[in-house]
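Trainee: Quick one, structure for this:
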Amino acid sequence: MKKPIKNISQAKEFLNQIPFFGTQGAAAAKFGLERIRDFMDQAGNPQKKYAVLHVAGTNGKGSVCHLAASVLQEAGYRVGLYTSPHLIHFRERFRVNGQPVDDALIVKWFDQRFWDAREAGLSFFEITTAAAFELFYCSEVDIAVIETGLGGRLDATNIVQPAATAITTIGLDHTDILGSEISAIAREKAGIIKDGIPVVLGNISGEADHEIRKIAAERKAPVVSISAFEPEHYGEVTRLMHPAFGELNLELDLKGEIQSLNAATAAALIELIAGTFPVKRDHLISGLSHTARNTGLHGRFERLHPGLDWYFDGAHNEDAVSALMHQVGRISSGRKKTLVLSMMSDKIKPEIASKFSQFDEIWYFEGSSVRGASLEAIQKLIPGAEKLTIAENGTPEILDALKSELVIFSGSFYFYSHIKQWISTVVQGSGTIFSGNH
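Mentor: All right, here's what the predicted structure looks like:
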């Protein structure tokens with residue numbers, strides 16, 4: 001029975017009844033393009049009526065999408081931005097010029113299209129992807145920046161006709177779905193490469209680079225490597241050598257050395273479409289430097305409060321955790337390092353655990369997700385991990401005692417909403433802790 005959907009709460013309620021990869025894992029995923037192609041055909045394929053940048057990769061793809069969108073926004077274009085997962089509310093997935101699409105427009109889409117999507121058998125991710133494509137068209141965007149969900153070849157986003165594509169990194173993640181070899185994962189990610197459409201390669205080398213270039217050659221897709229931009233990181237400064245603008249020295253509001261590589265990837269993407277979407281030097285500098293402010297990006301080595309050395313980073317695979325530990329080493333200066341961790345059971349592996357074991361103190365939050373790893377499973381790999389005890393008011397009892405320490409909250413992007421709630425309870429003036437719209 002098709003029930004009317006008249007407000008954003010109802011839209012969220014009905015959407016959340018669908019199995020969700022974030023909590024259910026692979027059991028909730030559906031791969032293949034036939035369902036969403038048929039569904040979008042019925043809508044007239046709005047995703048083909050505006051320009052698109054399409055980004056895949058194991059790590060960094062969300063940051064690259066936000067960086068590119070920020071630059072285009074600074075240049076005066078109307079920019080759609082579709083990313084996942086959301087951290088607080090599903091409407092974060094659909095942004096136009098940095099702001100979530102108006103609730104009324106989202107509710108209208110759900111009221112008119114949601115039940116048809118359910119009848120068509122679309123998954124949670126396929127539904128939000130279809131919604132994004134139509135919402136961006138209704139919002140009259142000039143260009144949309146689209147992040148793949150998982151993989152690329154069979155990802156629901158892969159029905160777009162992009163002006164340019166990018167593959168950020170290739171690593172061993174989602175091996176149960178994408179394959180256990182780097183070459184197999186690279187081929188899945190390279191599935192977004194289209195005939196004759198240029199592709200940017202981020203921090204990719206070796207076998208992955210070979211596989212992607214082979215597919216690009218078969219499809220006569222020009223390849224641009226970020227090595228041409230000579231990305232370097234000095235303290236808080238990112239240096240790029242831009243083919244049109246020369247040397248750029250940037251102070252990114254996305255922290256972490258890895259963001260230098262992501263900035264180079266975004267800059268290369270923007271350069272590929274400069275003939276259609278010209279961007280001035282000042283737009284590029286300002287857009288890359290003020291991405292979090294412009295697009296509401298959170299969760300990438302984000303400082304949670306200006307008065308506390310507490311940071312959140314959603315690192316959940318080996319390469320991302322390595323980058324996190326490098327950044328922690330840069331700022332710790334010999335201080336005690338505390339980790340507050342929550343992980344999915346399919347993510348906790350010995351090589352990841354060994355990196356997290358470098359913290360002086362580790363607290364673990366089990367959460368209620370079916371997919372979440374248990375404390376017992378964590379302790380087998382990280383023997384020093386202690387249970388995070390939750391007080392009657394729903395906040396960890398240790399937080400007040402950690403105010404003077406360097407604390408990293410990590411392990412999963414799905415952990416973020418819990419942390420926001422905890423900190424707003426513990427820290428006075430909680431309204432200033434988190435910026436952006438959720």
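
Trainee: CA only for contacts and neighbour counts going forward, please
Mentor: Noted.

Trainee: Give me the three-state assignment for the residue most central in space within the chain.
Mentor: The centroid of the chain falls nearest to residue 62 when counting by Cα atoms, centre = their mean (3.2 Å). Here residue 62 is helix, with the state taken from DSSP: H, G, I helix; E, B strand; the rest coil.

Trainee: what sits against it?
Mentor: Contacts for residue 62 (Cα atoms under 8 Å, 6 or more residues apart in numbering) come out as 83-84, 147.

Trainee: Counting only helices, which of these make the cut?
Mentor: Using DSSP state H, the subset of the contacts of residue 62 located in helices is empty.

Trainee: which one of the residues you listed sits closest to residue 408?
Mentor: Proximity of the contacts of residue 62 to residue 408, judged by Cα to Cα, is greatest for residue 84, which lies at 21.9 Å.

Trainee: Compute the number of surrounding residues for that closest one.
Mentor: 19 (other Cα atoms under 10 Å).

Trainee: Leaving out chain neighbours, which residue sits closest to it?
Mentor: Spatial nearest neighbour of residue 84, excluding adjacent residues (Cα to Cα, 6 or more residues apart in numbering): residue 93 at 6.0 Å.

Trainee: Reformat the contacts of residue 62 into TSV and put distance to residue 272 and pLDDT next to each item.
Mentor: Output for those, formatted as TSV (distance: Cα to Cα, whole Å; pLDDT from 0 to 100):
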residue	distance to residue 272	pLDDT
83	21	97
84	24	92
147	17	98
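
Trainee: Strands - which of those residues land there?
Mentor: Within the contacts of residue 62, residues falling in strands by DSSP state E are residue 147.

Trainee: Regarding residue 363, what is its secondary structure?
Mentor: With three-state DSSP as the basis, the three-state label of residue 363 is strand.

Trainee: Please report the distance of it from residue 312.
Mentor: 14 Å (Cα to Cα, to the nearest Å).

Trainee: cool, residue 125 as well?
Mentor: 25 Å.

Trainee: And for residue 380?
Mentor: Applying Cα to Cα to residue 380 and residue 312 gives a distance of 24 Å.

Trainee: out of these two, which sits in the busier spot?
Mentor: residue 312 (24 against 12).

Trainee: for that one, what are its contacts?
Mentor: 299-304, 408-410, 416.

Trainee: among those, which are in helices?
Mentor: Using DSSP H, those in helices are residue 416.

Trainee: the domain parsing of the protein - what is it?
Mentor: If you go by automatic domain parsing, the domain ranges for the chain are 8-295, 302-432.

Trainee: The helix or strand harbouring residue 104 packs against which elements?
Mentor: Following DSSP states H and E, one finds residue 104 within helix 103-109. The helices and strands touching helix 103-109, judged by 3 or more Cα pairs under 8 Å, 6 or more residues apart in numbering; DSSP states H and E, are helix 8-15, helix 124-138.

Trainee: let's go with 6 Å and repeat that
Mentor: For helix 103-109, there is no helix or strand it packs on, judged by 3 or more Cα pairs under 6 Å, 6 or more residues apart in numbering; DSSP states H and E.

Trainee: what separates that helix from the chain centre, distance-wise?
Mentor: Distance of helix 103-109 from its chain centroid, counting by Cα atoms, centre = their mean, to the nearest Å, is 23 Å.

Trainee: Could you do stretch 318-337 as well?
Mentor: With Cα atoms, centre = their mean, you get 20 Å for stretch 318-337.

Trainee: picking up where we left off before, from the contacts of residue 62, which single one is nearest residue 134?
Mentor: Closest to residue 134, out of all of the contacts of residue 62 and judged by Cα to Cα, is residue 83, at 14.9 Å.

Trainee: if I pick that closest one, what's in contact with it?
Mentor: Neighbour list for residue 83: 93, 147 [criterion: Cα atoms under 6 Å, 6 or more residues apart in numbering].
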